[in-house]
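Asks: This is the structure alone, sequence omitted:
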Ligand SMILES: C=C(O[C@H]1C=CC=C(C(=O)O)[C@@H]1O)C(=O)O
Ligand SMILES: [Mg+2]
């Protein structure tokens, strides 16, 4: 592949420097170029030589892949108002920005990728020290595959005291390093030990939750459990990511690296997407395994569609999402009943919600209204989240939190970070939860969470893993 010099880097850096001098503040520059096809997993792997801060996103519809390397800027917010704060930091960053973009494609240019923890009021840090309440990163280099084409965005924050040639050369060197041919070289990890955290105590907590529901404390609560795994060697993340993408269709494939720790997963659950003010949210709750034969699969699907306990789990989600979406949009469309959403290892009940976002609202406003839906928290929202904070022994961190991206045109999408793992060199914590309603049976919920752990386990060297 022939690599040309990225257009305009030196000129833009020079121009930005002049403006930064004048303003006495840093200025953001963003340059989008159309490039030859590039393997996103390879790009991600090579990126480790530039920064221990990378992000990966592939939409469930597989129409958008983004890989971010490094950080041109980051948006942090700690308070309960974190979604609004991130939005205002984002607006501020855009006020002092110079953009060069001839293509205007979603997911290119000034794009922030990142996520939010499940519960900002959770005080415990371990093992999520590298994952604060909110962290959105505008990568220094962003590879975007969209509409069958590939784009590279270069982002940088230029400070008045920067040196034009030095910055421009560094950008050019990193760009050349990233744009190389090849395939992902790493292999999948080999498991040393697997440890299920207190399964019996977890089943008892499910039993207790059903009693508390019967007593009228709440209607539904989602309880999660953890599986810890150690490996013979440090996990090679690019290989795991590629294997996830290869094995989990209909899922968002995500990875967010923060200070060398990786939060990675393949989630089917969209929280909200906004494109040209069209809003789509998804109700996904209610679960049964896939069958081993087509016949068994159909039978299980029918069983799920008619099962009162699963329909109840699902209905709470539909009611809450409908209400939240109606509060900020018009032309809200919700089908009368759910259909099946098939994944490799299991199938869910699925109801899409479509609407047109009202003027004045952004994707982050929608996320604020939705998170956590009863697919991750429960019903009512506040009581169930408090219940989780008090009764769940694990620290969810970013598990079950919103993860995704937005761009400068107010397009973007967030999924819910389930079917996921936190990987720290030779160790991983995997998480899976389930919706507990009055008729939940602890053994059945335990089995359901075991199937939900499979997608991650299978790419982490646990192909034989079955429990
Ligand atoms: C909380 C999880 O799944 C949720 C999403 C879909 C179906 C669910 C269920 O049927 O229980 C859960 O609400 C998880 O996978 O960790
Ligand atoms: Mg369930």
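Replies: It's in. All values derive from a computational prediction rather than experimental measurement. Numbering: from 1, shown residues only. Ligands and ions are numbered 1, 2, ... in the order given.
Asks: Check whether whatever residue of the stretch 251-400 of the chain ends up closest to ligand 2 sits in a helix, strand or coil.
Replies: Residue of the stretch 251-400 of the chain nearest ligand 2, by CB to the ion: residue 287 (4.4 Å). C-beta: built from backbone N, CA, C; applies to glycine. Per DSSP: H, G, I helix; E, B strand; the rest coil, the secondary structure class of residue 287 is strand.
Asks: Check the one 4 residues further on too.
Replies: Residue 291 falls in the coil class when you classify it by three-state DSSP.
Asks: Now for it: which residues touch it?
Replies: 297-300 (CB atoms under 8 Å, 6 or more residues apart in numbering).
Asks: let's see 10 Å
Replies: For residue 291, the contact set (CB atoms under 10 Å, 6 or more residues apart in numbering) comprises 297-301, 347.
Asks: and residue 41, how far is that from ligand 1?
Replies: In this view, residue 41 and ligand 1 are 24 Å apart by CB to the nearest ligand atom, to the nearest Å.
Asks: Tell me the confidence at that residue?
Replies: Here the pLDDT value assigned to residue 41 is 97.
Asks: Likewise for residue 45?
Replies: Looking at residue 45, the pLDDT reads 96.
Asks: Excluding sequence neighbours, find me the nearest residue to it.
Replies: Of all residues not flanking residue 45 in the chain, residue 238 sits nearest, at 3.7 Å (CB to CB, 6 or more residues apart in numbering).
Asks: That neighbour: what secondary structure?
Replies: helix.
Asks: So what would you say the end-to-end distance of stretch 143-161 is?
Replies: The first residue of stretch 143-161 is 28 Å away from its last residue (CA to CA, to the nearest Å).
Asks: oh, I was asking about stretch 27-41
Replies: 31 Å.
Asks: How about stretch 105-123?
Replies: 40 Å.
Asks: mean confidence score for that stretch?
Replies: 96.
Asks: Pull out the buried positions in that stretch.
Replies: Applying a neighbour-count criterion of 16 or more other CB atoms under 10 Å, one finds 105-120, 122 buried in stretch 105-123.
Asks: From residue 14, how far out is the residue in the stretch 101-250 of the chain positioned nearest to ligand 2?
Replies: The stretch 101-250 of the chain approaches ligand 2 most closely through residue 222 (8.3 Å), counting by CB to the ion. According to CB to CB, to the nearest Å, residue 222 and residue 14 sit 53 Å apart.
Asks: So these two - more neighbours on which side?
Replies: The neighbour comparison of residue 222 against residue 14 (other CB atoms under 10 Å) goes to residue 222, with 26 against 16.
Asks: Run through the residues that contact that one.
Replies: Counting by CB under 10 Å, 6+ apart, the residues that residue 222 touches are 209, 285, 313, 372-379, 384-385, 387-388, 392, 400, 418, 433-436.
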